[in-house]
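J.: Based on what follows, work out the 3D shape:
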Amino acid sequence: MKEFVFTLFMITAVVFTSAQQVISAGGQTNTAGNIELSWTLGEPVIETVSEGTTVLTQGFHQSKLTVTAIDALSLTEMELKVYPNPTSDFVVVHINNAEVTARFALFDFSGKMLSQKPITATDTRLDMLQYASGTYVLKLFDEEEHPIQSFKIVKR
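T.: You can find the predicted model right below:
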């Protein structure tokens with residue numbers, strides 16, 4: 001009987017300690033179109049610690065994150081951004097190093113190439129209006145066709 005009670009206690013403890021809970025004075029989530037704002041009032045401890053490429057955010061309330069880069073940037077002398085993501089009409093490919101010759105290619109999730117274009121300026125715009133809602137992969141290549149970085153693009 002003691003083993004049964006102990007086992008039941010351990011199962012209950014594991015279930016309740018793995019659930020996400022927050023004890024706060026207040027909070028709310030509001031959504032308007034593609035924008036979501038979440039807040040929690042009264043979190044006693046929050047902290048973000050990073051070492052190298054690893055980032056740990058400790059706290060009770062962590063809003064939804066959209067991670068767009070699929071792999072690491074292969075050229076360290078370049079700053080590369082793709083925004084807005086998710087999008088409904090276009091994305092901008094931003095490269096801060098104008099000396100880099102590059103191109104991008106847009107693929108659907110079955111691997112079919114839908115579009116490709118050379119990057120000739122710091123900001124290059126890719127029109128997404130003609131594509132259906134879904135998830136796409138945007139790959140950037142250098143002049144020797146080596147992959148620079150890939151991004152997941154969500155079209156709404």
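
J.: domains in this protein, as residue ranges please.
T.: What the record gives for the chain is the domain set 21-63, 80-155, from automatic domain parsing.

J.: which one of these has the lowest average pLDDT?
T.: Sorting these by mean pLDDT places domain 21-63 lowest, at a mean of 63.

J.: hey, what's F107 bridged with?
T.: M113, V137 (DSSP bridges).

J.: Spit out the contact partners of it.
T.: 113-114, 136-139 (Cβ atoms under 8 Å, 6 or more residues apart in numbering). Backbone N, C-alpha and C define where each C-beta goes, glycine included.

J.: do that again at 7 Å, thanks
T.: Taking Cβ atoms under 7 Å, 6 or more residues apart in numbering, we find F107 in contact with 113-114, 136-137, 139.

J.: same thing with L80?
T.: So L80 contacts 73, 94-95, 140, 149 (Cβ under 7 Å, 6+ apart).

J.: try it again with 8 Å
T.: Neighbours of L80 in contact, by Cβ under 8 Å, 6+ apart: 73, 93-96, 140, 148-149.

J.: Distance of it relative to L114?
T.: Using Cβ to Cβ, to the nearest Å, L80 is found at 20 Å from L114.

J.: I153 too?
T.: Shown here: I153 relative to L114, a distance of 11 Å by Cβ to Cβ.

J.: Give me the common contacts of those two.
T.: By Cβ under 8 Å, 6+ apart, the residues touching both I153 and L114 are 106, 136.

J.: Looking at these two, which has the bigger crowd around it?
T.: I153 (21 against 13; other Cβ atoms under 10 Å).

J.: any idea which element that one lies in?
T.: Per DSSP states H and E, I153 falls inside strand 147-155.

J.: got the end-to-end distance for stretch 97-116?
T.: 20 Å (Cα to Cα, to the nearest Å).

J.: One more: stretch 123-133?
T.: With Cα to Cα as the measure, stretch 123-133 spans 24 Å from end to end.

J.: what's the angle from the helix or strand hosting R125 to strand 147-155?
T.: Here R125 is covered by strand 123-127, with elements defined by DSSP H and E. Interaxial angle of strand 123-127 relative to strand 147-155 (axes from the mean of the first three to the mean of the last three Cα atoms, to 10 degrees): 40 degrees.

J.: Please spell out which residues along strand 123-127 are buried.
T.: Using 16 or more other Cβ atoms under 10 Å as the test for burial, strand 123-127 gives 124, 126.
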